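> Sequence first, then the predicted structure:
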Amino acid sequence: MPLLVARHAETAGLHRARIFVSDLQGEVLRAVTGSGPDAGREGQQLRIMATVAGSAYTESRPIGVRAVEQGRIRHWLPLLDGAERLGVLRVDTDRGDEAVRDAALDLASLVALLLASKRTNSDAFARLIRTTRMTVSAEMQWPVMPPRTFSNDRVTLAAAMEPAYAAAGDAFDYGVAGDVTYLAILDAMGHDTGAGLTANLAMAAFRNQRRQDAALPEICAVIERLLITHYAHTRYATAILAELDMTTGVLTWVNCGHHPPVLVRGGRKFGRERFVDFVIRHQSDGLPVPETLRRLIRAVLDYHDGKLDDDATVLLCQWHGNIDRLPDPTYPPA
């Protein structure tokens with residue numbers, strides 16, 4: 001794919017096209033070389049923080065700078081699957097007029113579509129976005145999770161699981177049906193593959209019941225009966241299951257032995273002060289929700305010297321209000 005993209009981009013005046021994808025934890029952008037089973041591992045790698053490419057990624061907006069070579073303009077464009085950030089595209093152009101910029105944006109959209117359609121069955125892509133070895137339990141968890149970012153005109157969701165390469169027993173889930181957004185955080189007992197199986201079973205039951213329009217208390221009862229049937233009383237999971245009415249903004253939840261959700265409204269805080277202060281401070285910077293979450297996870301990992309003693313899963317839900325039209329949340333003003 002990198003060679004095909006570069007070759008056809010030249011016909012539109014887009015030179016030296018190169019694709020970079022984000023690693024699983026959002027720390028680096030790795031070049032897609034398309035060569036060998038470990039495509040890109042020996043290719044160029046860019047830090048997301050403190051680079052122009054990283055700014056295009058974190059801010060989800062195109063950035064153009066004057067290239068060193070031949071007086072060309074270098075464009076860094078975010079690769080987006082809806083609101084989910086996949087990476088960035090780099091192209092050089094001889095001009096900076098609107099037609100060239102439109103061609104670059106069109107190419108970025110096409111590349112993002114190609115990446116999104118191929119990544120689920122590409123081992124090369126899976127290897128490329130990993131910076132260390134992954135455990136079997138994490139290998140089992142990630143494919144059954146929904147995309148880590150979702151956005152429409154009324155709600156934006158962003159989720160993360162850490163340790164990303166050794167997650168076991170944690171899970172997040174969400175779904176949209178009509179005016180309702182369903183949310184779930186699950187934490188199964190243990191740190192082995194058995195914990196992952198327990199969490200996956202509970203998540204499957206949550207999906208099954210909500211798709212039958214069951215109420216939250218009924219869903220909780222079904223999940224509990226299913227876990228007892230399969231594991232007697234040797235395994236359990238805690239959870240928060242919730243429904244957000246996107247018309248009224250009313251959030252209804254059931255707490256199954258878990259930490260309560262944190263509600264942030266009008267600058268007032270409730271819950272764990274350090275966590276809430278971080279979210280409010282970074283939201284005031286006007287960052288997209290996925291970028292707020294990425295920075296939150298980095299801050300937590302830095303605080304713990306990069307090593308967590310237990311799984312940590314976060315699901316952020318931002319309700320935009322009941323209005324007919326909002327600006328595209330993935331492209332904030334420059």
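Nice, I can see it.
> now the strands for the chain?
Counting by DSSP state E, the chain has strands at residues 15-22, 28-31, 45-47, 63-66, 73-81, 84-93, 149-151, 155-162, 170-177, 180-188, 237-245, 251-256, 312-319.
> so who does Gly26 touch?
Residues near Gly26 by Cβ atoms under 8 Å, 6 or more residues apart in numbering: Ile48, Arg294, Ile297, Arg298. From N, CA and C alone the C-beta is placed, and that goes for glycine too.
> Please identify, among these, the one with the most neighbours.
Arg294 (26 neighbours; other Cβ atoms under 10 Å).
> ranges for the helices of the stretch 201-334 of the chain?
Ranges of helices in the stretch 201-334 of the chain, per DSSP state H, counting those that start in this stretch, are 216-231, 273-283, 289-303.
> if you compare those, which one is most tucked away?
Of all the helices of the stretch 201-334 of the chain, helix 289-303 carries the top mean neighbour count, a mean of 19, counting by mean count of other Cβ atoms under 10 Å.
> Just name the shakiest helix or strand of the protein by mean pLDDT.
Taking mean pLDDT, DSSP states H and E as the measure, the chain has helix 273-283 as its least confident helix or strand, at a mean of 71.
> Can you tell me the centre-most residue of the chain?
For the chain, the residue sitting closest to the mean C-alpha position, by Cα atoms, centre = their mean, is Arg148 at 2.9 Å.
> hang on, the earlier thing: could you say which of the strands of the chain is packed most deeply?
Note that of these, strand 84-93 is the most buried (mean count of other Cβ under 10 Å), with a mean of 24.
> so how far is Leu86 from Ala17?
Separation of Ala17 from Leu86 (Cβ to Cβ, to the nearest Å): 15 Å.
> So in terms of bridging, what pairs with the residue lying closest to Leu46 once chain neighbours are set aside?
Spatial nearest neighbour of Leu46, chain neighbours left out: Leu29 (4.5 Å); criterion: Cβ to Cβ, 6 or more residues apart in numbering. For Leu29, the beta-bridge partners are Ser22, Leu46 (DSSP bridges).
> Check Leu29 and give its pLDDT.
The model reports Leu29 with a pLDDT of 96.
> list the contacts for it?
Neighbours of Leu29 in contact, by Cβ under 8 Å, 6+ apart: 20-23, 45-48, 51, 53-54, 57, 87-88.
> got any ranges where the stretch 201-334 of the chain has weak pLDDT?
264-268, 270-272, 274, 282-284, 309-310, 323-334 (pLDDT under 70).
> Kindly recompute the last result at 50.
The stretch 201-334 of the chain contains residues with pLDDT under 50 at 270-271, 325-327, 329-334.
> Surely Leu308 and Ala164 touch.
No: under the criterion of Cβ atoms under 8 Å, Leu308 is not in contact with Ala164, lying 10.2 Å apart.
> the more surrounded of those two?
Neighbour comparison, Leu308 and Ala164: the larger count goes to Ala164, with 21 against 14 (by other Cβ under 10 Å).
> Tell me, how many residues neighbour His304?
12.
> How about Asp97?
9.
> how far away is it from Arg210?
Distance from Asp97 to Arg210, by Cβ to Cβ: 49 Å.
> same deal with Gln318?
Applying Cβ to Cβ to Gln318 and Arg210 gives a distance of 21 Å.
> what sits against Arg18?
Pro2, Ala6, Ala31, Val32, Gln44, Leu89, Arg90, Val91.
> that older thread, quick check: which helices or strands does the least confident helix or strand of the chain pack against?
helix 289-303 (3 or more Cβ pairs under 8 Å, 6 or more residues apart in numbering; DSSP states H and E).
> quick one: least confident of the contacts of Leu29?
Least confident of these in the model: Gln45, at 89.
> Correct me if wrong: it contacts Thr33.
No: under the criterion of Cβ under 8 Å, Gln45 makes no contact with Thr33, lying 11.3 Å away.
> Domains in the protein, by residue range?
2-128, 136-319 (automatic domain parsing).
> first to last residue in the last one, what's the distance?
With Cα to Cα, to the nearest Å as the measure, domain 136-319 spans 35 Å from end to end.
> same deal with the first one?
With Cα to Cα as the measure, the ends of domain 2-128 fall 14 Å from one another.
> before we move on, the earlier item: format the helices of the stretch 201-334 of the chain as JSON lines; extra columns: distance to Thr238.
Supplementary listing: the helices of the stretch 201-334 of the chain in JSON lines, determined by distance: least, Cβ to Cβ, whole Å:
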{"stretch": "helix 216-231", "distance to Thr238": "11"}
{"stretch": "helix 273-283", "distance to Thr238": "18"}
{"stretch": "helix 289-303", "distance to Thr238": "20"}
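> Tell me which of these lies nearest to Asp192.
Among the helices of the stretch 201-334 of the chain, helix 216-231 comes nearest to Asp192, with 13.4 Å by Cβ to Cβ.
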